[in-house]
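[1] Show me the folded form of this:
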Amino acid sequence: MKIGLLIYGSIDTVSGGYYYDRKLAASLQERGNEMRVFSIPWRNYAAHLFDNLTFRLPPDLDLIVQDEMTHPSLMAANQLPHPCPVISLVHHLRSAEDHPGLQNILYRILERAYLRSVDGFIFNSKTTCKDVHTLAGDRQPSIIAYPPTDRFSRVLSEAVVAERAMQSGPLHILFLGNIITRKGLSTLILAISNLPANSVILDVVGSLAADPVHARKVQNQVTDLGLNAFIRFHGILEDESLQKKLAAAQILVVPSSYEGFGIVYLEGMAFGLPAIGTTAGGAREIIQPGENGFLIHPGDAAALSMILMKLMADRNLLTRLSHNALASYRQVMPWDQTVDSIHNFLSRMIA
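    Modelled structure (predicted):
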């Protein structure tokens, strides 16, 4: 098959969604397909709406996969006659995020129009599937294909995880994600400010350039709360350095206001890290409260403080959660099987 993948910006962008896109393109090519990546330059949402005046779908393909993030640019192009099926790869809906009321109404209208313009869907989770069906109906064929979780070949043993969990001293927390409002780092910082001094260490790994204004805001928050000695910003790390941070941490906390799935939680669980996420979005498909982590309501710093205090005081609980996190990771379907399912789905769409 000759397959086009349509994205914004660079396929090498550091995020869970782009990692999925890269892995999918590479895996489909390994199965004998011809993959071509088409990029629309990044601009702001309003500017992308003007792409509809000029952008047309690329020709000479058997099928086009569009990252749903590109929806503001493609509504008109998808409505025009096109000779091959158009499949939307949906990581999560923009309209499912927390935006001001009128802004979210606009997102819902435009996203619904886009979703109804494609021929089928690849969803990264049951949550995303439900969100799309609620917004735009379930008339098109679809497949749920969970993201790849084999980014790191290293998986820690139960013995190493138990020894780490029982280490005395401050609780080592890892936040892994780009520093943007949706990821909830500000909530975690506020929660830490409510804890006794010297009780935790937080390593923050993620791009400070994705939203520089917000990144400066959270860095100033750390300074204003007097937490510079306990919270360290590392920016983006190469895989080897990131694996060291994952192996050294005792718990992963990413209290996002919304996640379509939350691949980061499973990546942490490969290292035996219990995960703390929120009740909004796909984290509920991964995190079982009290078993392999905890869920809080978005923005609930007080509840997060209480959970962290409990884990600091009860290392036996932390050990049990860590072992369960490892078990949760090992239950995930291998990526090769997932790609086989996607490949068969795309073949059927062409047929």
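
[2] So what does Q66 look like in phi/psi?
    phi -110, psi 130 (degrees, to the nearest 10).

[3] what sits against the closest residue to it other than its chain neighbours?
    Leaving aside its sequence neighbours, Q66 sits nearest to L6 (C-beta to C-beta, 6 or more residues apart in numbering; 4.5 Å). C-beta here means a position set from N, CA and C on the backbone, and glycine is covered the same way. By C-beta atoms under 8 Å, 6 or more residues apart in numbering, the residues touching L6 are F38, S39, I40, P58, I64, V65, Q66, D67, T70, L74.

[4] and the fourth one, how many neighbours?
    The burial count assigned to P58 is 14, neighbours taken as other C-beta atoms under 10 Å.

[5] Can you name the residues that contact it?
    G4, L6, R36, F38, I64.

[6] got a pLDDT number for it?
    For P58, the pLDDT comes out at 94.

[7] same deal with T54?
    So, for T54, pLDDT stands at 94.

[8] so how many other residues sit close to it?
    That count, for T54 with other C-beta under 10 Å as the rule, works out to 9.

[9] Ok, the one 10 residues further on next?
    Other residues within reach of I64, judged by other C-beta under 10 Å, total 25.

[10] The nearest residue in space to it that is not next to it in sequence pairs with what?
    Leaving aside its chain neighbours, I64 sits nearest to G4 (4.6 Å; criterion: C-beta to C-beta, 6+ apart). In this entry, G4 is beta-bridged to R36, I64, by DSSP bridges.

[11] How much space separates G4 from Q29?
    12 Å (C-beta to C-beta, to the nearest Å).

[12] Quick check, pLDDT for the residue of the chain most remote from its centre.
    Computed with C-alpha atoms, centre = their mean, the residue of the chain farthest from its C-alpha average is P81, at 33.0 Å. Here, the pLDDT recorded for P81 equals 89.

[13] And for the one 10 residues further on?
    pLDDT, the model's per-residue confidence, is 96 for H91.

[14] Name the SS class of the closest residue to it other than its chain neighbours, please.
    Closest residue to H91 apart from its sequence neighbours, by C-beta to C-beta, 6+ apart: G17 at 4.2 Å. Classification of G17 using DSSP: H, G, I helix; E, B strand; the rest coil returns helix.

[15] G17 contacts R94, doesn't it?
    No - G17 lies out of contact with R94 (C-beta atoms under 8 Å); the separation is 12.0 Å.

[16] neighbour count winner among these two?
    For G17 versus R94, neighbours defined as other C-beta under 10 Å are more numerous around G17 (21 against 18).

[17] All the strands of the stretch 51-200 of the chain, in order from the start?
    63-67, 86-90, 120-123, 142-144, 171-176, 200-205 (DSSP state E, counting those that start in this stretch).

[18] between those, which one is nearest to D300?
    When these are compared by C-beta to C-beta, strand 171-176 sits nearest D300, at 16.2 Å.

[19] what is the orientation angle of the helix or strand L304 falls within with strand 200-205?
    Using DSSP states H and E, L304 maps to helix 301-313. Angle, helix 301-313 to strand 200-205, by axes from the mean of the first three to the mean of the last three C-alpha atoms, to 10 degrees: 110 degrees.

[20] helices and strands around helix 301-313, which ones?
    For helix 301-313, the helices and strands in contact under the criterion 3 or more C-beta pairs under 8 Å, 6 or more residues apart in numbering; DSSP states H and E are strand 171-176, helix 185-193, strand 251-253, strand 293-296, helix 315-330.

[21] ok and it relative to helix 315-330, angle-wise?
    110 degrees.

[22] So what touches helix 301-313?
    171, 173, 187-188, 190-192, 194-195, 199-200, 250-251, 253, 255, 274, 276, 294, 296-297, 317-318, 321.

[23] Filter those residues down to the buried ones, PyMOL style.
    To isolate the buried members of these in PyMOL, using 16 or more other C-beta atoms under 10 Å:
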select buried, resi 171+173+187+188+190+191+192+195+200+250+251+253+255+274+276+294+296+318+321
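
[24] related to what we said a few turns ago, now the residue nearest to Q66, what's its secondary structure?
    Under three-state DSSP, L6 comes out as strand.

[25] State the mean pLDDT of the helix holding L304.
    Mean pLDDT, computed over helix 301-313, is 97.

[26] List the buried residues of it.
    For helix 301-313, a neighbour-count test (16+ other C-beta under 10 Å) marks A301, A303, L304, S305, M306, I307, L308, M309, L311, M312 as buried.

[27] and stretch 192-203, how far from the chain's centre?
    Relative to its chain's centre, stretch 192-203 lies at 26 Å (C-alpha atoms, centre = their mean, to the nearest Å).

[28] sorry, back to before: burial of the residue nearest to I64, as a residue count?
    21.

[29] hang on, isn't K23 packed against W335?
    Yes - using C-beta under 8 Å, K23 is in contact with W335, at 6.8 Å.

[30] Need the residues touching each of these two.
    With C-beta under 8 Å, 6+ apart as the test, K23 and W335 both reach P148.

[31] Need the pLDDT of the closest residue to E259 other than its chain neighbours.
    In space, and not counting its chain neighbours, E259 is closest to G281: 4.3 Å by C-beta to C-beta, 6+ apart. With respect to pLDDT, G281 scores 91.
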